[in-house]
Structures are given as structure tokens and as C-alpha cells.
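S.K.: Got a sequence here, can you build the structure:
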Amino acid sequence: MKTFRHLLDFWTVGVLILCGAMLSMGTSCPQKGKPPVAAPTPGKSASPVPAAISEAHAKALAAIAAAEAKLAALEAQAATAAAQVDSARIANSQQPPAPATVIVEKETTLALGNLPPPDVKAALAAEQRRAAMFAGQADEARKLYALAQTETERMRSEAARLKSEAEAAKTKASEANAALVAAEKSHVAALEKNRAANQAALDDLAAKLKKSEDDRKNAETKEQVKWLRIIGLACLVAGIGIGVMTNGLQLAKSIGFGACALACFGLAQIVAHRFFLPVSIGVLVLAACGGAYWFRRERRDAFKVSSMEKQVKVLDGVEDLEAVPVKREDGTLSNLATELSKKMNDPEKAVVKQIRLAAKVKEAKEEAKA
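M.R.: Below you'll find the model as predicted:
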């Protein structure tokens with residue numbers, strides 16, 4: 001019996017040594033933090049879209065201005081033509097009636113309906129030419145018509161120039177719009193390329209962080225295994241040394257150190273396994289659940305026993321249970337002993353007997369002490 005106690009003591013010492021070693025390994029393992037890695041930065045490339053938008057806007061405004069100038073020139077030409085047609089209508093009205101004068105009057109009236117209001121300046125010039133012709137001033141009239149023809153050529157040339165400029169402005173606006181569409185496509189392609197590059201950089205960063213974390217865990221595991229083997233070797237040497245120095249008289253101590261050494265070597269093999277951490281977590285979870293279930297069951301059983309002890313004390317306080325009447329649901333009479341016997345099952349009756357037996361033993365001990 002004494003040898004067994006010595007063996008148990010040394011087993012306890014071995015377990016304490018093992019726990020201390022594990023705690024010391026947890027504090028002595030090098031904690032390698034995650035390497036600081038800078039986040040990937042997006043590529044810096046100026047977007048061509050704002051400049052293309054500004055250029056397209058400016059070209060569109062220039063095209064609108066050129067079209068408005070062209071329209072104004074055409075309106076000026078039409079107003080001048082209206083003044084000239086109106087002058088011809090007035091001159092025709094001063095001639096004797098004839099089919100030709102009627103035709104001229106009708107046609108000029110239709111033409112004026114399709115033209116804008118006559119230009120005032122052109123109307124005055126046409127009136128001067130008409131007055132010169134009616135006054136018989138042929139030379140003056142010829143000069144005035146020559147000036148009018150020159151102005152007509154100038155207005156025609158100006159209208160042609162403005163038309164050409166409007167067409168050129170329209171072409172430039174179309175080109176600017178095409179350049180804007182191309183710039184948008186190019187910008188979208190650049191953004192997609194930049195996104196792909198950033199995603200690749202993030203994936204590479206995640207892989208490096210995972211590798212760093214795996215390396216850190218492997219280093220910690222190797223450190224733990226190394227210390228477990230060192231402790232196991234030390235326990236083995238201590239057990240052998242004690243056995244040799246005492247010639248086997250301290251066999252219990254030698255066996256205790258040997259068992260501690262074997263436990264350390266075995267634990268080193270377990271810790272080095274890749275499933276050690278998930279299995280340990282699973283065991284701890286199962287142990288916690290089992291402990292909670294056991295505690296709940298023990299507490300429930302204790303509550304039942306306590307409740308039945310109180311019931312037994314109350315029942316034992318009654319002198320004659322059979323003399324206590326109990327009215328059944330059907331109206332018939334019975335006694336308390338019979339009804340309790342019916343309601344209690346065999347395990348509950350066995351518990352009651354054990355409670356009474358324990359109470360008697362307790363009373364006998366108290367009487368013996370007294």
C-alpha cells in the first residue's frame with residue numbers, strides 16, 4: 001500500500017511537471033507576428049474621358065455657332081430676295097393690265113408668301129433702282145443694278161463660306177464624339193486591367209499571409225515538440241539515475257519518472273500531428289458538454305433526493321398512514337398509505353427505503369456517540 005502511494009505521488013509530480021512544461025512552452029515559443037505588408041495601390045493613370053468630354057462639348061458648341069451663322073446668312077439672302085420681288089410687284093402694278101402683268105402679280109405674291117419679310121435696306125435700294133428706271137436715268141439705274149449684283153455675289157459667297165464652315169464644324173463635332181466614345185472604352189479597359197492587377201496583388205498578399213501564418217504555427221509546434229522531448233529525456237535520465245544510484249530501492253520513483261518520460265514522448269508525437277489542434281478542440285467541446293450534462297443530472301438527482309427526504313420526514317411524522325383518509329376521484333374513500341404506494345414506482349420506493357435506512361444509521365451513530 002505504501003509503494004502504491006509513492007507511485008501515485010510521483011505520478012502526480014510527473015503530471016505537474018508536464019503541465020508546467022506546457023505552460024512554459026506557451027510563453028517561451030517565439031511569437032512571430034504577421035509581416036507588415038503594404039496594401040496594393042491602384043495604378044495612377046490620368047483618365048482621358050474628362051478631356052474628351054470637354055473637347056466634344058467645345059466642338060459641339062462651335063458646330064452650333066457655325067450652323068446659326070449659316071442660317072442667319074440664308075435668312076439675310078431670303079429677306080433681300082423678298083425686297084427685290086416686292087419691288088418687281090410694285091413696278092408691275094404700275095403697268096397697264098395685261099395677261100403678263102396678271103401673271104407677274106400672282107407669282108410675285110406667291111413668292112412673297114414663301115419668303116421672310118423684306119429687308120428694309122434692300123427695299124430702299126430696290127426702290128432707288130425702280131425710281132431711276134421710271135425716271136429714264138438709264139446710267140444711274142445701271143450703276144445701281146451693278147452694285148446690287150455685286151452685293152448679291154458677296155452674299156452668295158458668304159453663304160457658301162458659312163456652309164463650308166458649318167460642314168467642317170459638324171465633321172469636327174462628329175470626330176470629337178467618336179474620340180469621346182473611344183476614350184470611354186479605353187478608360188473602361190484601363191479600369192478593368194487595373195482591377196485585375198489589384199485582384200492579383202490581393203490574392204498574392206493573401207497567399208503570403210497564409211504561408212506566414214502556417215510557418216508561424218509550424219515553428220510553435222516544433223518548439224513544443226522539442227521541449228516535450230527534452231523533458232521526456234530528462235525524466236528518463238532521472239528515472240534511470242535514481243534506479244542505478246539506489247540499486248532499485250526507489251523503484252516507485254524510477255517508474256514514475258519513466259512513465260512521465262513516456263508520456264512526454266507520446267505527447268510530442270501527438271502534438272506534431274496535423275490533426276492535434278482540431279481533435280483537441282473537439283475533445284474540449286465534448287468534455288464541456290459532458291460536464292454540463294453530468295452537473296445537470298447530478299443536481300437534478302440531488303434535488304430529487306432532497307425532496308424525497310423531506311417527504312419521508314413528513315410521512316414519518318404521521319403516526320398511522322393507514323388511518324389518514326383520502327377521497328378518490330370516483331368518490332370512494334381510501335387511506336394515505338395505499339394511495340402513496342400506488343403513486344410511487346419501484347425505484348422511488350427503493351430510494352425511500354435507502355433514505356430511511358440512512359436515517360436509522362445516522363441515529364444509531366448519534367446514540368453511540370452520546
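
S.K.: helix, strand or coil for the residue of the chain most remote from its centre?
M.R.: Within the chain, Gly136 marks the point farthest from the mean C-alpha position, 95.5 Å out by CA atoms, centre = their mean. Three-state call for Gly136 (DSSP: H, G, I helix; E, B strand; the rest coil): coil.

S.K.: ok, it - contacts?
M.R.: Under the criterion of CB atoms under 8 Å, 6 or more residues apart in numbering, Gly136 has no neighbours. Heads up, the C-betas are built off the backbone N, CA and C, glycines and all.

S.K.: Check the one 3 residues further on too.
M.R.: Under the criterion of CB under 8 Å, 6+ apart, the contact list for Asp139 is empty.

S.K.: Tell me which helix or strand in the protein has the weakest average pLDDT.
M.R.: Averaged element by element with mean pLDDT, DSSP states H and E, the chain has its least confident helix or strand at helix 2-28 (a mean of 44).

S.K.: re earlier: how far away is the residue farthest from the centre of the chain from Gln95?
M.R.: Distance of Gly136 to Gln95, computed by CB to CB, to the nearest Å: 16 Å.

S.K.: Same question for Ala358.
M.R.: As judged by CB to CB, Ala358 and Gln95 stand 153 Å apart.

S.K.: next one: Glu127
M.R.: Counting by CB to CB, the gap from Glu127 to Gln95 is 17 Å.

S.K.: okay, those two: which has more neighbours?
M.R.: Applying other CB atoms under 10 Å to Glu127 and Gln95 shows that Glu127 carries more neighbours, namely 15 against 11.

S.K.: Tell me, what's the model's pLDDT at that one?
M.R.: At Glu127 the predicted local confidence, pLDDT, stands at 85.

S.K.: show me what contacts it?
M.R.: Glu127 neighbours (CB under 8 Å, 6+ apart): Ser87.

S.K.: now with 10 Å?
M.R.: With contacts defined as CB atoms under 10 Å, 6 or more residues apart in numbering, the neighbours of Glu127 are 83, 86-87, 90-91.

S.K.: And for Ala132?
M.R.: Listed by CB under 10 Å, 6+ apart, the contact partners of Ala132 are 138-145.

S.K.: Any quick ChimeraX command for the buried ones out of the residues you listed?
M.R.: Buried residues within these, by 16 or more other CB atoms under 10 Å, are selected in ChimeraX with:
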select :141,144
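
S.K.: what's the closest of the contacts of Ala132 to Gly282?
M.R.: Using CB to CB, Tyr145 is the member of these that lies nearest Gly282, at 114.1 Å.

S.K.: can you give me the strands in this structure?
M.R.: Secondary structure of the chain (DSSP state E): strands at 325-327, 333-335.

S.K.: Neighbours of Arg89, how many?
M.R.: So Arg89, with other CB under 10 Å, has 17 neighbours.

S.K.: what's the pLDDT at it?
M.R.: Model confidence at Arg89, given as pLDDT, is 85.

S.K.: just checking, it touches Thr108?
M.R.: Yes: if you go by CB atoms under 10 Å, Arg89 and Thr108 touch, sitting 3.9 Å apart.

S.K.: List the contacts of Ala176.
M.R.: The neighbourhood of Ala176, defined by CB under 10 Å, 6+ apart, consists of 52-60, 62-63.

S.K.: Could you turn the buried ones of the residues you listed into a ChimeraX selection?
M.R.: Filtering the contacts of Ala176 down to the buried ones (16+ other CB under 10 Å) takes a single ChimeraX command:
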select :52,55,56,59,60,62,63
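
S.K.: Inside helices: which ones of the contacts of Ala176?
M.R.: 52-60, 62-63 (DSSP state H).

S.K.: any weak-confidence spans in the stretch 1-150 of the chain?
M.R.: Where the stretch 1-150 of the chain drops to pLDDT under 70, the residues are 1-46.

S.K.: can you do 80?
M.R.: Under the criterion pLDDT under 80, the flagged ranges of the stretch 1-150 of the chain are 1-47.

S.K.: same deal with the stretch 201-350 of the chain?
M.R.: Scanning the stretch 201-350 of the chain for pLDDT under 80 picks out 243-244, 246-251, 253-254, 257, 264-284, 300-350.

S.K.: Helices along that one, start to end?
M.R.: 251-272, 276-317, 336-343, 346-369 (DSSP state H, counting those that start in this stretch).

S.K.: And the first one, what's buried?
M.R.: Looking back up the chat, that one is helix 251-272. For helix 251-272, burial by neighbour count (16+ other CB under 10 Å) applies to 252-261, 263-265, 267-268, 271.

S.K.: Lys211 and Asp204, how far apart?
M.R.: From Lys211 to Asp204 the distance is 11 Å (CB to CB).

S.K.: Stretch 162-176: which residues count as buried?
M.R.: For stretch 162-176, burial by neighbour count (16+ other CB under 10 Å) applies to 162-163, 165-166, 169-170, 172-173, 176.

S.K.: quick check, nearest of the contacts of Glu127 to Glu366?
M.R.: Nearest to Glu366, judged by CB to CB, of those is Ala83 at 144.1 Å.

S.K.: From what I see, that closest one and Lys121 are in contact.
M.R.: Yes: taking CB under 10 Å as the definition, Ala83 is a contact partner of Lys121 at 8.2 Å.

S.K.: Name the residue in these two with the higher neighbour count.
M.R.: More neighbours surround Ala83 than the other of Ala83 and Lys121, with 21 against 12 (other CB under 10 Å).

S.K.: Show the contacting residues for that one.
M.R.: Counting by CB under 10 Å, 6+ apart, Ala83 makes contact with 112, 115, 117-127.

S.K.: same thing with Leu110?
M.R.: Leu110 makes contact with Val85, according to CB under 10 Å, 6+ apart.

S.K.: any idea how far Asn92 is from it?
M.R.: Noted for Leu110: a distance of 13 Å to Asn92, by CB to CB.
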